[in-house]
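In: would you be able to build a 3D model of this:
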Amino acid sequence: MKTLKTYQQGDVILKQIKENPTKREQKEFKMEHPTDKIILALGEGTGHHHRFEAEKLEPSVDVVGYGNGWSERPNQVKVNGGNATLYHEEHNPLELPPGLYQVSIVRELDHLSGNIRGVVD
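Out: Residues are numbered from 1 along each chain as shown. Coordinates of the predicted model:
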């Protein structure tokens, strides 16, 4: 999987990747109503989420998330038809061009315990 460009908003990293020609069985996260959102990461402490909001997208733009059936959040997101903006209350909006993105969370190493943990935003 070749990374084309990387974007970051707080603890969320989005790596633009080439389309995978072999489609696996994946759960789809779609925004079918004007109030729908696709949430990439939950704000455990604040309740603020990294999200795409259907009501703020241009009519020609569509965002679809893809996940592995057991997760409640997508691990890939596809932007179609124009730029889409990722929102979070504590960060500047992040505009993404059309493409397929791998979603991950920043991790940190606790040097004292030797454990790796996800960064909490």
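
In: beta partners for Glu28?
Out: Beta bridges link Glu28 to Tyr66, judged by DSSP bridges.

In: quick check, Gly67 in contact with Asn75.
Out: Yes. Between Gly67 and Asn75 there is a contact under Cβ atoms under 8 Å: 5.4 Å. Just so you know, the C-beta spots here come from the backbone N, C-alpha and C atoms, and that holds for glycine as well.

In: give me the common contacts of these two.
Out: Overlap of the contact sets of Gly67 and Asn75 (by Cβ atoms under 8 Å, 6 or more residues apart in numbering) is empty.

In: can you give me the neighbour number for Glu89?
Out: Glu89 has 10 neighbouring residues, counting by other Cβ atoms under 10 Å.

In: brain fart, Asp36
Out: Using other Cβ under 10 Å, Asp36 has 15 neighbouring residues.

In: same deal with Lys27?
Out: Neighbours of Lys27 under the rule other Cβ under 10 Å: 14.

In: quick one: low-confidence parts of this protein?
Out: For the chain, applying pLDDT under 70 flags the ranges 1-3, 20-25, 44-45, 69-70, 107-111, 114-121.

In: so where do the strands sit in it?
Out: Remark: strands assigned in the chain by DSSP state E are 3-9, 12-17, 27-30, 37-41, 50-53, 62-67, 76-80, 84-86, 94-96, 99-105, 107-109, 116-118.
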